[in-house]
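Trainee: Curious how this folds, go ahead:
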Amino acid sequence: MRASHAFLAAIALVGTGTSVWAESLRGIVQSVDADAKKMIVKEVGTDVDRNVDLATTDATVIRTNKGVPMSFRYLRKGDGVGVVYADGVASQILVRQSPLVGVIVKAEPDDEAFVMTPKGEDEDMRVTTTKKTTYETFDGKVLKLAELKPGDGVSVRFNGPEVARVVIGVKPPELTGYVKSVAADLNSIIVTEVGTNVDSSVRIDGDTTIRTSDDKPLTIKQLKKGDGVGIAVIKGVAEEIVVNVKQP
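Mentor: Got it, this is the predicted structure:
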């Protein structure tokens with residue numbers, strides 16, 4: 001099936017001179033081999049379910065949909081692409097860059113970088129930013145790189161090869177201690193914090209998840225005095241409670 005006129009017009013922005021025998025496709029990048037300069041693209045917008053193996057050369061023109069030139073090594077799994085190619089070799093690639101989503105491992109503010117674990121990946125990766133990179137929470141609060149903490153969720157937005165914006169899902173503060181009491185109305189618990197012996201009241205609502213350390217679901221009725229708990233707390237309300245059940 002031929003690509004839409006809108007797609008062909010977009011591809012035309014990348015450059016000219018492509019052979020009239022060239023094919024075009026739209027798709028999502030499934031994998032990238034930066035060393036071999038090859039990628040696999042899953043075609044979208046047609047009735048055919050297929051993956052297309054594509055190679056590139058030094059002559060391949062690659063730009064983002066915002067017109068920013070970029071090299072092949074910055075392509076990532078999940079990016080949307082429009083490709084003009086012939087005999088399995090891409091001559092032009094138009095890229096709609098997808099955010100890189102994962103969890104912060106550590107911040108390296110002195111090097112303007114941070115280490116993260118991308119979603120669905122086993123290996124950590126180091127992301128280098130620039131002085132123009134902005135940091136903010138999902139609700140718009142401005143942050144600094146040094147404020148990123150291990151466990152924070154992160155969505156990295158690119159502009160070509162550079163990191164333009166980093167959006168942070170801040171990890172809730174944690175309270176570790178022992179259950180002192182459970183309120184009769186089952187809407188809160190008192191927890192004695194480990195290390196300080198300070199008692200804190202934590203509210204429970206319909207969105208609070210409670211589970212054991214081996215991932216078995218619990219209800220607040222099943223909590224007992226002396227149970228060890230680790231609680232993610234947002235504004236005094238428990239988001240998640242992980243319980244190390246006290247043995248009888």
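Trainee: So R73, which state does it fall into?
Mentor: helix (DSSP: H, G, I helix; E, B strand; the rest coil).
Trainee: distance of it from D35?
Mentor: 9 Å (CB to CB, to the nearest Å). Using the backbone N, CA and C atoms, a C-beta is placed for each residue, glycine as well.
Trainee: So between the two, which is more surrounded?
Mentor: When R73 and D35 are compared for neighbours, R73 comes out ahead with 11 against 7, by other CB atoms under 10 Å.
Trainee: if I look at the more buried one, how far off is T56?
Mentor: 10 Å.
Trainee: List the contacts of N51.
Mentor: By CB atoms under 8 Å, 6 or more residues apart in numbering, the contact list for N51 reads Q30, I40, V41, K42, E43.
Trainee: Got phi/psi on it?
Mentor: phi -100, psi 140 (degrees, to the nearest 10).
Trainee: How about Q97?
Mentor: Per degrees, to the nearest 10, the backbone of Q97 is at phi -70, psi 130.
Trainee: and S213, what is it in contact with?
Mentor: When contacts are counted by CB under 8 Å, 6+ apart, S213 touches V242, V243, N244.
Trainee: Please report how far it lies from G195.
Mentor: According to CB to CB, S213 stands 19 Å off from G195.
Trainee: so what's V194 up against?
Mentor: T176, G177, Y178.
Trainee: and if you look at K119?
Mentor: Residues near K119 by CB under 8 Å, 6+ apart: V101, G102, V103.
Trainee: Among those residues, which one has the most neighbours?
Mentor: In terms of neighbour count, G102 stands highest of these at 21 neighbours, by other CB under 10 Å.
Trainee: Now do the helix or strand in which it is found: distance to the chain's middle.
Mentor: Here G102 sits within strand 100-108, counting by DSSP states H and E. What separates the centre of strand 100-108 from the centre of its chain is 9 Å, taken as CA atoms, centre = their mean, to the nearest Å.
Trainee: Where does pLDDT dip in this protein?
Mentor: Residue ranges of the chain with pLDDT under 70: 1-21, 246-248.
Trainee: what's the following helix or strand after the top strand by length along it?
Mentor: Longest strand in the chain by number of residues (criterion: DSSP state E): strand 23-33. Later in the chain than strand 23-33, the nearest helix or strand by DSSP H and E is strand 38-43.
Trainee: Tell me which residues of that next one come out buried.
Mentor: In terms of neighbour count (16 or more other CB atoms under 10 Å), strand 38-43 has its buried residues at K38, M39, I40, V41, E43.
Trainee: Same check on stretch 136-152?
Mentor: For stretch 136-152, burial by neighbour count (16+ other CB under 10 Å) applies to L143, L145, L148, D152.
Trainee: ditto for stretch 204-220
Mentor: Within stretch 204-220, the residues scored as buried using 16+ other CB under 10 Å are I204, T208, I210, L218, I220.
Trainee: same check, this time on stretch 230-247
Mentor: G230, I231, A232, V233, V237, A238, E239, E240, I241, V242, V243, V245.
Trainee: One more: stretch 119-131?
Mentor: V127, T129.
Trainee: same check, this time on stretch 43-63
Mentor: The neighbour-count check on stretch 43-63 (16+ other CB under 10 Å) flags E43, V52, L54, A55, T56, T60, V61, I62, R63 as buried.
Trainee: circling back to that earlier point, which one of the contacts of V194 is nearest S200?
Mentor: G177 (7.6 Å; CB to CB).
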